[in-house]
Every structure is written in C-alpha cells, then in structure tokens.
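# fold the following and give me the result.
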Amino acid sequence: MGSSDSAAGQSGSGGGSGWFADYFGFDEHGTDLRTELMAGLTTFLTMSYIVAVNPAIMANAVQIQGYSRGQVIQMLAVVTILASVVATLVMAFYANRPFAQAPGLGLNAFFAFTVVLGLGIPWQTALAAVFVEGVLFIVLTAVGAREYIVGLIPEPVKFSVGTGIGLFLGIIGLQAMGIVVADPEGTMITLGSLAQSPVALVSVGGLFLTLALYARGVKGSIIIGIVLTTLVGFVLSFVGVGTGVLSGAFITEGGFAAGELPQATYDITPLAGAFVSGFQNVEAFTFALVVFTFFFVDFFDTAGTLVGVGQAGDFLDEDGELPDIDRPLMADAVGTTAGGMLGTSTVTTYIESATGVEEGGRTGMTALVVAGLFLVSLVFVPLAAAIPQYASHLALVVVAILMLRNVVEVQWDDITHAVPAGLTIMIMPFTYSIAYGIAAGILSYPLVKTAAGEFDEISAGQWVLAAAFLVYFGVRTGGVIG
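Numbering: from 1, shown residues only. Next comes the predicted model:
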C-alpha cells in the first residue's frame, strides 16, 4: 500500500489525500475512509436480508423446467446480488451518494402474487415489464420529467402507498409464518392454531426476537432473526419434534436435508435474458398497467427514500429538496433495467441506507462498500435455498410495521384526501394487489374532489388516469382478461 493510500485511511476532518478521498470528496463532505467503511458495513448488515427474502418471494412465481425450487432460489439469489451491485455501483460512482439499492420488497411481491399468480402473466413477461419500466425511468430521468410525473399523481395516493404496501407485505408474511390462515366458511382469514403448530410457535418466537433486536439497535437484526429462526426449526426437525407436521414445513425442497447444504448453483442462464421472450403475445393494456404500477411504486418509493435519508444526512437544501436528485434516480433506473435483464424484479433505494448515514456515511464510498459486500455474499448463495419461508418471511412483517408510519403524512381531516388514501391502503391487502390499491386511489381522487366542489384542483392528466383505471376495472372484473 502506497503512502497516499495510507493517508486515505486516516481519521479526521481532513479525510486523507488518497484516491478515494479525492474522487469521492472526503474533505468536502467532512468524512474519512474509516467512517465510510463502517457506514457501508452498517448499511449492508441492515439490508442483507434481501439476499434470502427476494428469492423466497420470487420463487413463488418463477418456475423453470428441469430445475428444482432450491436451484431456482439460488439463481434468484445470484441475480438479486448482481442487480444490487450494478445499481449501487452507479450510485457510488455517478451519484456519489451513500445510498444502497436492491430489489424492493413490495415490488417483488407485486411481481409474484399480483402479476404472475394473480393475472396469470408469464414470469418472462413480468420481467419484460420490469425492463420496460427501467428504460422508461432512464428516459424520463434523463429529460428531467420528474416534476410533471410527481404532479400527476394525487398527493394522498403518494403518501398512502407505503402504508398499503406495508399491510400487503404483512399479510403475506403472517400467512407464511402460520399466524394468519384461511377461513373460507367464516371470516375469510383468522388466527392460526398457534399453540398446536410448532411452525407458528417458532415463527412467533423468531419475529419477537427480531423486533427486540431491532428495538435494541442491533445492526443486522433482521438477518440475525432469520438465521436463528432457521436454525431453531432445523434443530427441532433434526431431533424429530413434531414428526409428520414439521417435515413439510421445516425441511422444504432445496432446504436442509440430512444435515447437508444444497449444492451450489451459480448458472443463471435460464433467468438472464428471459425477458426477451416475454414480449411475445403481450396483452397491451394489461402489460401497460403492470409497467405503470412498477414505475409508479418504484419512482415514488425511491424519491421518498432519497429525501428521507437525505434529511438524516443533512443533504437537503433550504426547500427540502435533495440537490441533483436525478443522479440517484438514474442509478435506480439503471439498476432496474439491469435487474429485468438478469431476471429479478424492480430495484429501488433502501431506507436502511439511513443506518449508514447515521454512522457518518456521506459519499459514494459508503455505497461502494455495500456493493463490495454484496459481491462477497455470493459465497453464501447456497444458504438462500436452505432458509424456509416461515423464517425468511418474518422480515416482511418487520418491514411492514416500519412502513406503517408513512400513514401520518396523510391529511386525514380533509375528506378529499382521506377517501383516496383510505381506499389505497385498504384495497391493497384485501385484494392482494398493489395495483388495485393504487388504481382505486387515483380513480376516487377526482370524483371526491368534484363532489366537494374542488373541481379546479384536478388536472387533465388526473382525469385521464382516472378514466383509464375505470375502464381497466370494468375489463378486469368483467372477465374480459384473465
């Protein structure tokens, strides 16, 4: 190591004089290499659960002939890591911001449960929609169309989407853990028989352990909770507790079996490039709706996260805006496009980046560290297939709880805001569809505004969107499309 590199690692306000310090501007941002390294490690630990959770969710929709579920999960883990690396490297070197990116929770659930399993759209076509959304995002970001798009979506819908997605993730997680079960003859859903279900008991214990670790401020609390819950389930299965009940729940295909890890699978050729075949036999209106929903959720989730994390790092200007926000948005767009090409759902900026910012991360060096650690995690890809759903999905419940706080942004004392916000939040979990929730909010907004005598506050674009969703609901529920 040369003298300049050694200088770069010195602590202090000067930040060193090495290449990293010069490129990322340590002096300008009042940071140093050691601080950036610790910030990157902190961010990675808090979001590393996505390496296990994203494949577990996506594998519900992605089925590849000739490959077991465990092999598919490992492929998805690899592309999850690669898409995260691409996006986060762009964030590091182009945007020079300490924000990390990966396939987003909520968007992967929309991909799997709404688009593929709900609408019956092939997973290859869903990947094509992700690719188109990414390209669209790149173009709109490049031409600076952000302000127009922001103005087109009603404010109460923007503020309520996060909470709706949180509830949607929550019900998926609770079902996987055996806490919420079907009750077709009574209330549709009900509380599972927790005291009689070893799976549910272990899941509940893992959930509260994770929440306790999170409340204590333990870095990596979610991934720790997932791993410990998996180990407890494995031990119980190994010693034969609940034989006949546990075998199907604790040892899934591709999971722990006879004390051995599944064989590593790094060949992603069945996934990479699969989006190309997805453009065949596309139903235009449904495809456009899927692309719009991917874009809408991705755009506003990323923009909101950037502003929120930017506030924590004192990056915002006097107007509360993040300077040069188009650069991190471009990183998101490039990551999403790459993700669609590789074989995973939409990439977005993670709110967990705030943990690294709180540790002092101020430049793209933090993001570079996260990208490097994602690459290192390729070694642990076989473990992704060994984690059962009840363990991986407890992360969804934890994230769901955190996303509920977004609801305070809605002006609930204004009925023209409460109606579209309330419908957006309720429709998502009750119809198992993020798209339907967004559509209900956008459709109701101009109607309630007009009824309240506030017609002049509705733009022509909002009327066009509402009309389009009215047609869609009619076509979708009328049985015209599957």
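# for the chain, longest helix please?
Longest helix of the chain, by residue count under DSSP state H: helix 284-312.
# just checking, next helix/strand downstream of that helix?
Using DSSP states H and E, the helix or strand that follows helix 284-312 in sequence is helix 326-342.
# re the thing from before, quick one: the longest helix of the chain to helix 326-342, angle?
Here the directions of helix 284-312 and helix 326-342 differ by 140 degrees (axes from the mean of the first three to the mean of the last three CA atoms, to 10 degrees).
# leaving out sequence neighbours, find the closest residue to the residue nearest to the spatial centre of the chain.
Against the mean C-alpha coordinate of the chain, by CA atoms, centre = their mean, the closest residue is G104 at 1.6 Å. In space, and not counting its chain neighbours, G104 is closest to T348: 3.7 Å by CB to CB, 6 or more residues apart in numbering. C-betas here are computed from N, CA, C, even on glycine.
# quick check: buried residues in the longest helix of the chain?
By neighbour count with 16 or more other CB atoms under 10 Å, helix 284-312 contains the buried residues 286-287, 289-306, 308-310.
# quick one, what contacts A100?
When contacts are counted by CB atoms under 8 Å, 6 or more residues apart in numbering, A100 is found next to 43-44, 47, 84, 88, 91, 349-350, 352-353, 356, 366-367, 370-371.
# quick one: which of those residues sit in helices?
Secondary structure defined by DSSP H assigns 43-44, 47, 84, 88, 353, 356, 366-367, 370-371 of the contacts of A100 to helices.
# any regions of the stretch 201-350 of the chain where pLDDT drops low?
Scanning the stretch 201-350 of the chain for pLDDT under 70 picks out 240-263, 308, 311, 319-320.
# recalculate using a threshold of 80.
Scanning the stretch 201-350 of the chain with the threshold set as pLDDT under 80 gives 237-265, 281, 296-297, 300-301, 303-304, 307-308, 311-313, 316-321.
# L127 touches G273, doesn't it?
No. Here L127 does not reach G273: they are 9.4 Å apart, not a contact under CB atoms under 8 Å.
# these two: who's more crowded?
L127 (29 against 14; other CB atoms under 10 Å).
# the nearest residue to G106 once chain neighbours are set aside: neighbour count?
In space, not counting the residues next to it along the chain, G106 is nearest to I165; the distance is 4.0 Å by CB to CB, 6+ apart. Applying other CB under 10 Å, we find 29 residues neighbouring I165.
# contact partners for I165?
Applying CB under 8 Å, 6+ apart, one finds that I165 lies in contact with 106, 297, 403, 428, 434.
# distance of the second one from L396?
Right, V297. 16 Å (CB to CB, to the nearest Å).
# with the first one instead?
With distances taken as CB to CB, G106 is found 9 Å from L396.
# go on, the fourth one?
According to CB to CB, M428 and L396 sit 14 Å apart.
# next one: A354
For A354, the distance to L396 - CB to CB - is 19 Å.
# verify the stated contact: D298 with P103.
No. D298 lies out of contact with P103 (CB under 8 Å); the separation is 10.5 Å.
# so what sits against both of these two?
Common neighbours of D298 and P103, using CB under 8 Å, 6+ apart, are 346-348.
# neighbour count and distance to V232 added to the residues you listed, as CSV?
Shown next, in CSV, are the shared contacts of D298 and P103 (neighbours: other CB atoms under 10 Å; distance: CB to CB, whole Å):
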residue, neighbour count, distance to V232
T346, 31, 33
V347, 31, 32
T348, 25, 31
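# now for the nearest residue to T305 once chain neighbours are set aside, how many residues are close by?
Once flanking residues are discounted, T305 sits nearest to T349: 4.6 Å by CB to CB, 6+ apart. Around T349 there are 29 other residues, counting by other CB under 10 Å.
# tell me the contacts of A102?
Taking CB under 8 Å, 6+ apart as the test, what A102 contacts is 47, 50, 54, 80, 83-84, 87-88, 347-348, 350, 374.
# next, format the residues you listed as TSV and append distance to L174.
As requested, the contacts of A102 are arranged in TSV below (distance: CB to CB, whole Å):
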residue	distance to L174
M47	22
I50	19
N54	19
T80	23
A83	28
S84	27
A87	30
T88	31
V347	26
T348	23
Y350	23
F374	29
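# got the contact list for L368?
40, 88-89, 92-93.
# can you tell me how far it is from V157?
Noted for L368: a distance of 35 Å to V157, by CB to CB.
# now G104
On the measure of CB to CB, G104 and V157 end up 18 Å apart.
# what does S392 give?
Distance, S392 to V157, using CB to CB: 30 Å.
# and V51, by the same measure?
Per CB to CB, V51 is found 31 Å from V157.
# does the residue nearest to the centre of the chain really touch I351, like I thought?
No. Between G104 and I351 there is no contact under CB under 8 Å: 10.1 Å.
# quick check on V181: phi, psi?
Per-residue torsions, V181: phi -130, psi 170 (degrees, to the nearest 10).
# what is it paired to in the beta sheet?
T190 (DSSP bridges).
# my guess is it contacts L194. True?
No. Using CB under 8 Å, V181 is not in contact with L194, being 10.0 Å away.
# from what I can see, A466 looks like it's in a helix, true?
Yes. Counting by DSSP: H, G, I helix; E, B strand; the rest coil, A466 is located in a helix.
# okay, now it: neighbour count?
Neighbourhood size, A466 [other CB under 10 Å]: 19.
# ditto for the one 5 residues further on
Look at V471: counted by other CB under 10 Å, it has 11 neighbours.
# next one: the helix or strand hosting it to chain centre, how far?
Element membership of V471 [criterion: DSSP H and E] is helix 460-477. Centre-to-centre, helix 460-477 and its host chain are 27 Å apart (CA atoms, centre = their mean, to the nearest Å).
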